[in-house]
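In: Let me see the structure of the following:
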Amino acid sequence: MQSRVIVLAGPSGAGKSRLAERTGLPVLRLDDFYKDGSDPTLPRLTEGANAGLVDWDHPDSWLPDDALATLSELCTSGYAEVPVYEIARNGRCGSHVVHLDGSPLFVAEGIFAQDIVAACEEAGLLAAAYCVTQRPVVTFWRRLTRDLRERRKPPLVLVRRGLALMRNQRVVVADAVAKGCRRTTPEQAFHDIERMRENATS
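Out: You can find the predicted model right below:
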């Protein structure tokens, strides 16, 4: 095993991507393993104003086995080809190669990251797992401004989705903690990862 992974889970908009970038470690974006929008197995919302639309916040909307296989390849060989997913296009639009360049640690982040923690630990790939969280209103606003800026979905869909996710944030955090993640703020996680990085390279 050449490297181990630090998993960052947590609600959409909690700051996982920003934290991953801030660490300076190589990053595997688990959201790139979403299913294509044409996949007939995608789950659908059954209630609320967005009923009938794809439920992109349901774990059945992504491919955990593909994510785990890529993560394992990174840990053992130090590089892997990874899909590039465009949320605004509901599908993959190419691929790129993630290189660890000899780093003993790397980050894997995404809204379904908690679902791979147990498998990573069992395989000896896991360095640490965090559930990054902030106050629900902060998460809601950051998620909404990001999604509007990137034009991920129509504005009304984003607002409705954001309100539903804000109400459900406690459930998301509790699920991640139950699956082996430690609840933390982005700042606390950053300092933990800095210490971990220092120990790994000393």
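In: can you list the residues that contact the lengthiest helix in the chain?
Out: Secondary structure of the chain read by DSSP state H shows that its longest helix is helix 186-201. Contacts to helix 186-201, defined as Cβ atoms under 8 Å, 6 or more residues apart in numbering, come from residues 6, 8, 14-15, 18-19, 22-23, 25, 104-105, 107, 127-128, 130, 132, 134, 184. C-betas here are computed from N, CA, C, even on glycine.
In: rerun that using 7 Å as the cut-off
Out: The contact list for helix 186-201 (Cβ atoms under 7 Å, 6 or more residues apart in numbering) reads Ile6, Gly15, Arg18, Leu19, Arg22, Thr23, Pro104, Leu105, Ala127, Ala128, Tyr130, Val132.
In: Just the CA trace of it, in CSV.
Out: Written as CSV, here are the backbone C-alpha positions of helix 186-201 (Å, rounded to 0.1, in the frame of the first residue of the first chain):
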residue,chain,number,x,y,z
PRO,A,186,-13.8,22.5,8.3
GLU,A,187,-11.3,24.3,10.5
GLN,A,188,-11.0,21.5,13.0
ALA,A,189,-10.6,19.0,10.2
PHE,A,190,-7.9,21.1,8.5
HIS,A,191,-5.8,21.2,11.6
ASP,A,192,-6.2,17.4,12.1
ILE,A,193,-5.1,16.7,8.6
GLU,A,194,-2.1,19.0,8.9
ARG,A,195,-0.9,17.0,11.9
MET,A,196,-1.6,13.8,10.0
ARG,A,197,0.4,15.0,7.1
GLU,A,198,3.3,16.1,9.2
ASN,A,199,3.4,12.7,10.9
ALA,A,200,3.2,10.8,7.6
THR,A,201,6.1,12.7,6.1
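In: For it, give the mean pLDDT please.
Out: Per-residue pLDDT over helix 186-201 has a mean of 92.
In: Kindly report the same for stretch 42-60.
Out: Mean predicted lDDT for stretch 42-60 stands at 83.
In: Now it: buried residues?
Out: Leu42, Leu45, Asn50, Val54, Asp55, Trp56, Asp57 (16 or more other Cβ atoms under 10 Å).
In: Now the two most distant members of those.
Out: Largest separation among the buried residues of stretch 42-60 by Cβ to Cβ: Leu42 and Asn50, giving 13.9 Å.
In: chain center to the longest helix of the chain: distance?
Out: 19 Å (Cα atoms, centre = their mean, to the nearest Å).
In: Please point out which parts of that helix sit buried.
Out: For helix 186-201, burial by neighbour count (16+ other Cβ under 10 Å) applies to Pro186, Ala189, Phe190, Ile193, Met196, Arg197.
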